[in-house]
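Asker: this one's sequence-less:
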Ligand SMILES: [Zn+2]
């Protein structure tokens, strides 16, 4: 008996994606196979439970709070632009100086110790920034305590 | 009276409803605030439940929901009216949840999805769908089962959880999910299979009395 084949069919059957012949074949197998029968019951219960999970109403005053955020965001915008303009010039200056020191260190055989240190520090910083960007993948699997159900009583 | 329906992303949706939504988006894009409020009212509950199950914490979910609508409002001018509004909103919400989880990756979540409290610190009320049985014994079993399923959802990796929630709980089609997550449909299906398999395993253990 090829149980894997039928296990794959369970959810398709629940969603009505099996042909009549396939559905019939599945029924026959389920009658003969307690293992798949258990899988079938679990799949059915899971399917139903997922579609009838309790739902909550969205919090009240949502629209007011969103409008408040919209106002806050639009009020923040010009200030940010102003800050950016002021901060950008020195930041560019620092970058240019760093690049120049780096270039000096690489190109001069006797390029002072401080110059070399700056260059390698810069490289480290870039690696660090790059790694931070790379880390931007999914978080690890949540621990079982993710949904601790303390308030539930039978 | 338009009675025709179109096959839209695998599900049949009334032409009327689609064009009504398109008009709503157009009005919102023209700075009509009531139109945007209507959009919020239409999607608030759906997005809230999705976000809540993604992050598992009502306070964070409320914050992220507000942020999602703020981003939507700010993004409206560049929203292509031919795309589906719901796909776009779920995409914004999903990205926010992902960012949120990245920031919180190292923190342990201890807030329960089931044992939540309202603003006054009182135990909050769930709204159960119509399938709730009048038989208290049966409904207690239902609740216990739902708790098992909620826990199983919470233990899924965010990648799997997203797809499972969007398909089996939020009722989006494969095509819509592929667009929300910007991944191929085959990936949607395989993630869904994995997620369902994991939940089903825990339900099966529960049904056999192994989870206690
Ligand atoms: Zn079998």
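Answerer: Structure's in. What do you need? Just so it is clear, the structure is predicted and the values come from calculations on it, not from any experiment.
Asker: helices along chain A, start to end?
Answerer: Counting by DSSP state H, one finds helices in chain A at the ranges A:3-14, A:20-32, A:34-51, A:62-107, A:113-134.
Asker: where among those is average confidence lowest?
Answerer: When the helices of chain A are compared by mean pLDDT, helix A:113-134 comes last with a mean of 39.
Asker: what residue lies at the spatial centre of chain B?
Answerer: Note on chain B: the residue nearest the mean C-alpha position is residue B:50, at 2.5 Å, using CA atoms, centre = their mean.
Asker: that residue should be in a strand, yeah?
Answerer: No: counting by DSSP: H, G, I helix; E, B strand; the rest coil, residue B:50 falls outside a strand, being helix.
Asker: which residues does it contact?
Answerer: B:90, B:93, B:165-166, B:169-170 (CB atoms under 8 Å, 6 or more residues apart in numbering or on different chains). For every residue, glycine as well, the C-beta is placed using N, CA and C.
Asker: do the same with residue A:14
Answerer: A:43-44, A:47.
Asker: what's the burial count for residue A:38?
Answerer: By the measure other CB atoms under 10 Å in any protein chain shown, the count of residues near residue A:38 is 14.
Asker: contact partners for the closest residue to it other than its chain neighbours?
Answerer: Sequence neighbours aside, residue B:204 is the residue nearest to residue A:38 in space, at 6.3 Å (criterion: CB to CB, 6 or more residues apart in numbering or on different chains). Counting by CB under 8 Å, 6+ apart, residue B:204 touches A:38-39, A:41-42.
Asker: please, which helix or strand holds residue B:204?
Answerer: helix B:185-207 (DSSP states H and E).
Asker: got the buried residues for that helix?
Answerer: B:188, B:191-192, B:194-200, B:202-204, B:206-207 (16 or more other CB atoms under 10 Å in any protein chain shown).
Asker: what average pLDDT does stretch B:101-113 get?
Answerer: Computed over stretch B:101-113, the average pLDDT equals 62.
Asker: what do you get for stretch B:146-156?
Answerer: Computed over stretch B:146-156, the average pLDDT equals 95.
Asker: any residue of it up close to chain A?
Answerer: Yes: judged by CB under 8 Å from any CB of the partner chain, stretch B:146-156 comes into contact with chain A at B:146-147, B:149-151, B:153-156.
Asker: out of those, which sit inside strands?
Answerer: The members of those all map outside strands under DSSP state E.
Asker: reformat these as TSV; add neighbour count.
Answerer: Formatted as TSV, those follow (neighbours: other CB atoms under 10 Å in any protein chain shown):
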residue	neighbour count
B:146	19
B:147	21
B:149	24
B:150	21
B:151	21
B:153	26
B:154	22
B:155	19
B:156	21
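Asker: now residue A:51. Nearest residue, chain neighbours left out?
Answerer: Spatial nearest neighbour of residue A:51, excluding adjacent residues (CB to CB, 6+ apart): residue B:168 at 6.9 Å.
Asker: who's in contact with that neighbour?
Answerer: Residues counted as contacts of residue B:168 (CB under 8 Å, 6+ apart) are A:47, A:50-51, B:192, B:196.
Asker: redo the residues you listed as JSON lines? Include distance to residue B:36.
Answerer: Conversion of these to JSON lines gives the following (distance: CB to CB, whole Å):
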{"residue": "A:47", "distance to residue B:36": "36"}
{"residue": "A:50", "distance to residue B:36": "31"}
{"residue": "A:51", "distance to residue B:36": "30"}
{"residue": "B:192", "distance to residue B:36": "33"}
{"residue": "B:196", "distance to residue B:36": "36"}
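Asker: identify the farthest-apart pair in those.
Answerer: A:51 and B:192 (14.2 Å; CB to CB).
Asker: burial count for residue B:103?
Answerer: Applying other CB under 10 Å, we find 10 residues neighbouring residue B:103.
Asker: now it: how far from chain A?
Answerer: Relative to chain A, residue B:103 is positioned 9 Å away (CB to the nearest CB, to the nearest Å).
Asker: kindly report the same for residue B:65.
Answerer: 7 Å.
Asker: now residue B:44. Nearest residue, chain neighbours left out?
Answerer: residue A:58 (3.7 Å).
Asker: contacting residues around the one you found?
Answerer: B:44-45, B:47-48, B:65.
Asker: highest neighbour count among these?
Answerer: residue B:65 (27 neighbours).
Asker: would you mind measuring from it to residue B:92?
Answerer: 10 Å (CB to CB, to the nearest Å).
Asker: domain map for chain B?
Answerer: For chain B, the structural domains run B:2-103, B:110-212, going by automatic domain parsing.
Asker: any idea which of those domains scores lowest on pLDDT?
Answerer: Among the domains of chain B, domain B:110-212 scores lowest, with a mean of 81.
Asker: give me every residue that touches residue A:3.
Answerer: Counting by CB under 8 Å, 6+ apart, residue A:3 has contacts A:29, A:33, A:35-36.
Asker: what's the answer for residue B:146, then?
Answerer: With CB under 8 Å, 6+ apart, residue B:146 has these contacts: A:49, A:52-54.
Asker: in JSON lines: those residues, plus neighbour count and distance to the ion.
Answerer: Below are the contacts of residue B:146 laid out as JSON lines (neighbours: other CB atoms under 10 Å in any protein chain shown; distance: CB to the ion, whole Å):
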{"residue": "A:49", "neighbour count": "21", "distance to the ion": "23"}
{"residue": "A:52", "neighbour count": "18", "distance to the ion": "27"}
{"residue": "A:53", "neighbour count": "19", "distance to the ion": "29"}
{"residue": "A:54", "neighbour count": "17", "distance to the ion": "33"}
